[in-house]
Each structure stands twice: as structure tokens, then as C-alpha cells.
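Q: Fold the following.
(chains A and B)
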Amino acid sequence: MSAVKALLARQPNVLKVLSASGQLGYGIPEQALAAGLAREPDFIGCDMGSVDPGPVYLGSGEMATSPSITKRDLSAVLIGARKLNVPLIIGTAGTAGAAPHLEATLDMIREIAREHSLHFRLATIRSDLSAARVGLALAAGELKALGGNLPVTQADLDACAHLVGQIGCAPFERALALEPDVIIAGRACDTAVFASLPKMLGFDMANVMHMAKIIECTSICCEPGGRDAMLATLDAKGFALESMNPARRATPLSVAAHSLYEQADPISFTEPDGTLKVDAARYTALDERRTHVSGATWQPATRTTIKVEGSALVGHRAVLLAGTADPRFIEQLRAILVTVEQTTRGLVPGEYEIYPRLYGLDGVALWTQTPGARAAREVFILIEIIARAPELAMAAAKTFKQFLLHQGFSGRQCTGGNIAFPFTPPELVGGPAYRFAAYHVMPADDHEQLFPVSIEQI
Amino acid sequence: MIRSKNAGPLTLSFDLMFPTNETFEAAKRAPALQPAALAQLYNVSPTDVIVTPYQAARAIKIAMPRCIVSGSPGDHDVYGAQQHVPLLDLEI
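A: So this is what the prediction gives:
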């Protein structure tokens, strides 16, 4: 009997959920995972992705994590789940959850199974979307940017290297109905990884979604926060939280504060299946390290909505790195950069964009600059150049470098050179550059057709 | 505690957590933490700044659109984790 079938048949009224990783592939802390497995959880969930690292991974199809550590983490959770014969659910395979990420993750799972002679039923959920399907929402005026301004056209959608829809519980429920032992999903809501099985078992959805929202980041909800495995125990009234690292305490305040994390609104969370509200939630200390949570509310969606993420190639990047400590050069640096850019454009024809960052002045800031800030002792100059062809980006970087080195300016003493190079060559190949071309929400009445599930015997 | 982080690639979000109910209440009333003042600090429209107090965590959440989409060419802070700095100088 498969692990999912056994759990659904057992119908437990208390459910232990182990969150093994909030972003699998960076190294799962071993001791806490072992402690979590020793508690014999009813199922294990892992999130494997994020939009945090930017558009490059969704665009390129590559993982943000290294193959060796990713395989190590997958081995740890797969072997642990198979030993206990409990379901393992992994969402947002391979960082971004598009087809190449999912395939690479599935290849690793099959390889681990071969190496350890594991046999199980593996369900897969695909979450790729076609530009034509997203275009229907665009044409209907139903494609809304999520939390900011990102104008999008059909041409932008067509230019996306990959487009994915972030799935909610429904596709997981269809995969669970295939009675697997392991589910690997493409782009998925972190919550759906942890909420789908409890939902099928009939636990209260408000508690289920609130639990899922908190444990998807493992022990970040603790004091001090960390990446160790987290155990949630669902009961009829709510759920209890406990970090599998004894040094981390889940306190009422630390757990409540987690609602803030990476959210625009700390009180109301809209998911494909509905909206969770936590303003009436109660957080009660069970002891110094455990907190019980109840009282959130859940409003099921009247219409399923799906978040769409798309990443498009914008060109190829070359990067120039240099420092300076000359006070007069620093004083006139912004004007000098304009001159050097003009010179470069005169000598290196073609279409490219130049983006300087001046660390020590305002390289980090996205905020409004306060005039009259004190002068920096040293400034690090990073010049980003993006062109259609990598050779053109590099040509512009090399010319920019040489003219920045020797550009004259008023009161110049440093006629040997204006800048210090940390190493040579100071121009680096940045590789293909991408941008998020879509980060939108659309209604998806056809979500059952959009996200196919399949099963294979390993 | 004062921190910033993206809430998705289009949104910058800030968390301000206070040690006591008194400081939390004072912060809720502080002119420096109203949308108009924050909009000026970050060069966005006041109507785009959302300030949400959250009593259970003695916290104030601020959300606003990013001026550049995370990771696009020319971005300064892909994770948005270093944009809290101007808030460090505010007086409540």
C-alpha cells in the first residue's frame, strides 16, 4: 500500500507534519532532520524554490543551488521518508519549477533511488503555462500585476523563456488521488505543499493554511530563527509548533511575527484556493519552546486564481570591477562616468546599456538620496553592461575600463591611473541576463487542464 | 528590529517590531511612519504606500512598489534586504 493511501486510510485525528526544508539544496541541517524523523511524522514536506534569487533561474532553466548539495538534500529527505514509509511532498522543484527544473530534480530522484535500491510510486505535477494561455487573460483584461507596476504585452509573454503558474492545493489533491509515495511539483505555493494532505484528511482549513504558511520556512518562525526542520502537530483545535533544533524556541511573539515575513500584508494572505486571515489568531505558549496556534479564518475562493511568473532574456552581461581612493576623482566621479560613457559609445558602436553602481556613494540604495552625505574614503565602481551579443558587452566593458583609468579631470594628480583593479582581467563575463516579464495574477477556471499530473513506478 | 525584504519582485516590504506596547502605540501615531513621509523618503507615490499595524507581533508592516523590478538590469538590491537603512534615522 502506498504511503499516501495508508495515511488516507488511517484518517488520524492528530497529524504530525515535518517541514524538512524551506529551500532545499543549500544543505539541510542534519541533526534537526534526524530529530524530526525520530518523531515519526505522518508526512514530510519541502519547499525547493523561490523568486528571491531573481529572474535568472526561471529564465535559464538552471538551479540556484549546486547539484552536489541538492542531491545530498534530496537523498536525506527521500531516504528518511521511505524508511518511515510516509509521503514526501516537494514543491517548486529545482528553484523555479519550470520544465527543465522539474526534469533535473526528477533525474536526481531516480538516480538516488537506483543508488539506494529504493522503490516507490512517484507523482509529478507540471506547472508550465503557454504564452497563448496567459495571453487569453491579458486580452480579457484579467492579468493583474502583483504588488507593483509591471506592464506586459503579448510580445513580452512570447519572449519569456519559461512561464509557470504557481499551483495551489487542487493539483496536489489530484496527484494524491493517484496514491503516490512521493510527489514532485513544478512551481507551487509553499503552503500547498503542506496543506493539501491535511485538507484531504478533513482538518480545518483555517488551521491548515495558517500552519502551512508558518512551517514552509522551517525554523525561521523561532527565536533565534534558523533553517532547521520544524514539526507542526495539527489537532481538532489548531496546531502546535516545535523546532527540531533544541536551541530554537517557537514563542507566541516569534510565531506571530512570522506573519510579516516577505509579505506585503501581515494579516490577509490570498492563495489560489482562498484567503487566510490571521487577525483573530491566538498564540499560546505550551512551554518555553512550543507554541499552540488557533483562531485564524479561511474564506474559500469563489474563483481560482493563479500567479503567473515569466522570465525573458534581455541580453548578455559584462561586468567591470574597480576601486578608487583618490578624493578628487571621487568628487567628480559621476561627471567622469558620463564622459567615459560618451567616449565608449563613440568608439564601440552598437546597442548596449550601461549601469554604474558606486559602492561607498549609493551602490545599494533604492531610496531617495540625502544630499550632502559625507564623502567616502574609498569607492567601489561596478559597471554593468548589457548587450544583445556577449562580445559587444565585453568590447564596451574593455573600452570603458581603459578610458576610466586614464580620464582627465580638474585637479588630477593620479596621472598613473584613476582606479585600482582587484585582479586581472577586471572585466568579467556575466552570462545571459534576464528580467521578470510577468509577475501577475489571472483567474484560471481551467486549472484542472493547466497542470497535468502523472505517476510512475520507481 | 527594522528590516526590509521583497514581498515578490515588484514589492518592497519593511517590518518594524517594537519591544513594548507603549513604543508600538507611539510608532503607530508617528508622523514619520505615515504614508506621506515614507513616500517622500523612498520616492514613490503616497497612495502606493501601505502601512499595516499588527498587534500580535507588536509590529508595523510597510509595503510599497519597488522602483525597479527585482533582478532587472540596473537593480541595486535583488532581495531588497538593505533598503531599511533610511528608517534607522527616523525619530518616533
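Q: from here on, contacts and neighbour counts on C-alpha atoms
A: Fine.
Q: which stretches of the chain aren't confidently modelled?
A: No chain in the question, so chain A it is. Within chain A, the stretches with pLDDT under 70 are A:369-373.
Q: meant chain B, my bad for not saying
A: Nowhere does chain B drop to pLDDT under 70.
Q: Could you rerun that using 90?
A: Applying pLDDT under 90 to chain B flags residues B:56-57, B:89, B:91-92.
Q: Name the nearest residue to residue 21, sequence neighbours excluded.
A: This is for chain A. Closest residue to A:S21 apart from its sequence neighbours, by CA to CA, 6 or more residues apart in numbering or on different chains: A:C46 at 4.9 Å.
Q: Oops, wrong one, chain B.
A: Using CA to CA, 6+ apart and skipping residues adjacent in sequence, the residue nearest B:N21 is B:R58, 6.7 Å away.
Q: burial of that neighbour, as a residue count?
A: B:R58 is flanked by 20 other residues according to other CA atoms under 10 Å in any protein chain shown.
Q: same question, A:I112
A: Neighbour count of A:I112, defined by other CA under 10 Å: 19.
Q: Is it located within a strand, as I assumed?
A: No. Under DSSP: H, G, I helix; E, B strand; the rest coil, A:I112 falls outside any strand and is assigned helix.
Q: pretty sure it is touching A:S75, no?
A: Yes. Using CA atoms under 8 Å, A:I112 is in contact with A:S75, at 6.2 Å.
Q: which residue lies farthest from the center of the chain?
A: Went with chain A since none was named. Using CA atoms, centre = their mean, the residue of chain A lying farthest from its centre is A:G411. It sits 48.7 Å away.
Q: Chain B is the one I meant
A: Ranked by distance from the centre of chain B (CA atoms, centre = their mean), the top residue is B:P73, with 23.5 Å.
Q: So it versus A:E353, what's the distance?
A: Using CA to CA, to the nearest Å, one gets 9 Å for the distance from B:P73 to A:E353.
Q: Let me know the secondary structure of B:D77.
A: coil.
Q: who are the neighbours in contact with it?
A: For B:D77, the contacting residues are A:364-366, B:70-71, B:83, by CA atoms under 8 Å, 6 or more residues apart in numbering or on different chains.
Q: Output these in a markdown table, with neighbour count appended to each entry.
A: Formatted as a markdown table, the contacts of B:D77 follow (neighbours: other CA atoms under 10 Å in any protein chain shown):
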| residue | neighbour count |
| --- | --- |
| A:V364 | 17 |
| A:A365 | 20 |
| A:L366 | 19 |
| B:S70 | 27 |
| B:G71 | 22 |
| B:Q83 | 22 |
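Q: Can you show me the strands along chain B?
A: B:2-6, B:11-17, B:50-54, B:59-65 (DSSP state E).
Q: can you put the ones you listed in TSV and add distance to A:E341 and mean neighbour count?
A: Below are the strands of chain B laid out as TSV (distance: least, CA to CA, whole Å; neighbours: other CA atoms under 10 Å in any protein chain shown):
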stretch	distance to A:E341	mean neighbour count
strand B:2-6	32	22
strand B:11-17	31	25
strand B:50-54	39	19
strand B:59-65	30	25
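Q: Reformat these as TSV; add distance to A:L122.
A: Converted to TSV, those look like this (distance: least, CA to CA, whole Å):
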stretch	distance to A:L122
strand B:2-6	34
strand B:11-17	36
strand B:50-54	42
strand B:59-65	40
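Q: And the ones you listed: which comes nearest A:P12?
A: strand B:50-54 (34.3 Å; CA to CA).
Q: Not counting the closest one itself, show me its contacts.
A: Identification of contacts with strand B:50-54 by CA under 8 Å, 6+ apart yields A:265-267, A:279, B:28, B:33-35, B:59-64.
Q: ok, so of those residues, who is nearest A:S21?
A: A:P266 (22.5 Å).
Q: Just list the residues touching A:R39, thanks.
A: A:R39 neighbours (CA under 8 Å, 6+ apart): none.
Q: Need phi/psi at it.
A: Backbone torsions of A:R39, given as degrees, to the nearest 10, read phi -80, psi 0.
Q: Then A:V453?
A: Here is the backbone geometry of A:V453 (degrees, to the nearest 10): phi -110, psi 150.
Q: Settle this for me: A:H119 is touching A:E111, isn't it.
A: No. Counting by CA under 8 Å, A:H119 stays clear of A:E111, with 11.7 Å between them.
Q: got the residues of chain B near chain A?
A: B:5-13, B:15, B:40-43, B:52, B:54, B:56-57, B:59, B:61-67, B:69-74, B:76-79, B:82-83, B:86 (CA under 8 Å from any CA of the partner chain).
Q: ok, A:A296 to A:H210 distance?
A: Counting by CA to CA, the gap from A:A296 to A:H210 is 7 Å.
Q: meant to ask about A:G417
A: Distance of A:G417 to A:H210, given as CA to CA: 59 Å.
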